[in-house]
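A.B. asks: I need the structure of the sequence given here:
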Amino acid sequence: MPYKQQTILNLIGNTPLVRIQHITKHLPENITILAKLERHNPGGSVKDRAALSMVQDGIDSKKLTHDKIIFDSTSGNTGIALAMIGAALGYKVKLVMPKNVSNERKRICRAFGADLVYSDPLEGSDGAILLARKLYDENPELYFKPDQYNNPANPQAHETSTGPEIWRDTHGEITHFIASIGTSGTLMGTGRFLKSQNKDVQIIAAEPDSPFHGIEGLKHMESSIVPSIYSEHGFDTKLGISTESAYEYTQRLASEEGILCGQSCGCALAAAMKTATQLAEQKKAGVIVCIFPDGGEKYLSTPVFADDTVFQGEGI
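C.D. replies: Residues are numbered from 1 along each chain as shown. You can find the predicted model right below:
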């Protein structure tokens with residue numbers, strides 16, 4: 001595309017797929033773990049894809065006009081994506097997020113010009129969802145609410161971009177796909193595309209193993225408000241991952257692989273390592289692809305990178 005037609009939004013998607021080398025060195029050579037680094041989207045996370053899809057759908061349907069404010073709840077990354085896209089397209093953005101999300105994420109949203117409203121930190125992402133619903137219902141004419149947890153344009157973004165990219169970059173050799181669950185859009189949409197190409201590809205959901213966890217942005221579905229875009233039929237297996245395991249792999253990715261990422265990435269890698277271990281025990285080969293939703297810069301002030309949060313390779 002000629003440079004005069006390029007905008008920051010043209011850079012969303014086509015993120016790199018890299019091999020995990022050192023953490024996996026004990027695995028048989030016929031088992032490969034690949035990570036899709038979504039931090040390379042311009043807003044820094046996988047949520048750029050869904051946010052752009054939902055905003056474009058709003059524009060196309062005329063539900064979003066320039067006299068309305070883009071408004072939604074978020075634990076951070078979708079908010080950043082909406083704020084960035086709003087700035088690029090000339091829309092005002094207002095976001096509800098738990099008060100305890102990292103300062104980095106709050107500052108990035110404000111830097112993009114978004115107005116922030118904070119919900120009770122003890123209520124997590126569900127508290128933000130409920131407060132956003134209340135504020136929207138008070139003045140629905142003011143807002144365009146993408147509603148990331150219930151908008152089909154969320155998983156559709158991954159069915160038309162993330163899935164095809166993975167299929168292309170693995171030359172169709174992928175055997176297992178893993179995504180950690182927040183809204184579930186990445187898992188559902190990517191999984192649908194991969195199954196359409198090869199029904200034998202195993203789709204694996206990774207979620208916190210407890211309602212009380214420290215993996216920011218993720219949902220323990222049994223104890224949460226369940227998104228309407230989520231379906232138990234959209235995957236083959238669900239793996240529960242402890243906060244400690246997610247934190248350990250997040251730290252190890254930085255120190256052993258040179259990949260600075262958030263704890264949802266550590267959660268996905270923990271699930272990938274469990275899957276790889278099972279394959280090794282069964283003497284089977286595999287090409288495992290996991291989504292790394294974002295980078296670690298937004299979490300440097302959080303417990304996962306605190307000086308006293310150090311794990312000694314307890315494993316999975």
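A.B. asks: now Asp200: how far from Leu131?
C.D. replies: Relative to Leu131, Asp200 is positioned 43 Å away (C-beta to C-beta, to the nearest Å). For glycine as for every other residue, the C-beta is placed from the backbone atoms N, C-alpha and C.
A.B. asks: try Asn154
C.D. replies: For Asn154, the distance to Leu131 (C-beta to C-beta) stands at 20 Å.
A.B. asks: Mind checking which of those two has more residues around it?
C.D. replies: More neighbours surround Asn154 than the other of Asn154 and Leu131, with 28 against 19 (other C-beta atoms under 10 Å).
A.B. asks: Unless I'm misreading it, Ala272 sits right up against Phe292, doesn't it?
C.D. replies: No: under the criterion of C-beta atoms under 8 Å, Ala272 makes no contact with Phe292, lying 10.3 Å away.
A.B. asks: got the residue ranges for the helices in the protein?
C.D. replies: Taking DSSP state H as the test, the helices found in the chain are 47-60, 77-89, 103-111, 124-138, 153-157, 163-169, 185-197, 243-257, 263-281.
A.B. asks: now the ones you listed in CSV, with mean pLDDT?
C.D. replies: Conversion of these to CSV gives the following (pLDDT from 0 to 100):
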stretch, mean pLDDT
helix 47-60, 98
helix 77-89, 97
helix 103-111, 94
helix 124-138, 92
helix 153-157, 98
helix 163-169, 98
helix 185-197, 98
helix 243-257, 97
helix 263-281, 98
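A.B. asks: For Ala246, which residues are in contact?
C.D. replies: Neighbouring residues of Ala246 by C-beta atoms under 8 Å, 6 or more residues apart in numbering: 208, 215, 263-264, 266-267, 270, 304.
A.B. asks: cutoff 6 Å now
C.D. replies: Listed by C-beta atoms under 6 Å, 6 or more residues apart in numbering, the contact set of Ala246 reads 215, 263, 266-267, 270.
A.B. asks: do you know how far it is from Gly58?
C.D. replies: From Ala246 to Gly58 the distance is 33 Å (C-beta to C-beta).
A.B. asks: returning to that earlier point: ranking by neighbours, what's the top pick from the contacts of Ala246?
C.D. replies: Cys267 (34 neighbours).
A.B. asks: from memory it sits against Leu239, does it?
C.D. replies: No: Cys267 is beyond contact range of Leu239, at 9.2 Å (criterion: C-beta atoms under 6 Å).
A.B. asks: where do the contact lists of those two overlap?
C.D. replies: Common neighbours of Cys267 and Leu239 are listed as Ala206 (criterion: C-beta under 6 Å, 6+ apart).
A.B. asks: what does the domain assignment say about the protein?
C.D. replies: According to automatic domain parsing, the chain comprises the domains 3-41+157-305, 47-144.
A.B. asks: Which one of these lies nearest to Asn150?
C.D. replies: domain 3-41+157-305 (4.3 Å; C-beta to C-beta).
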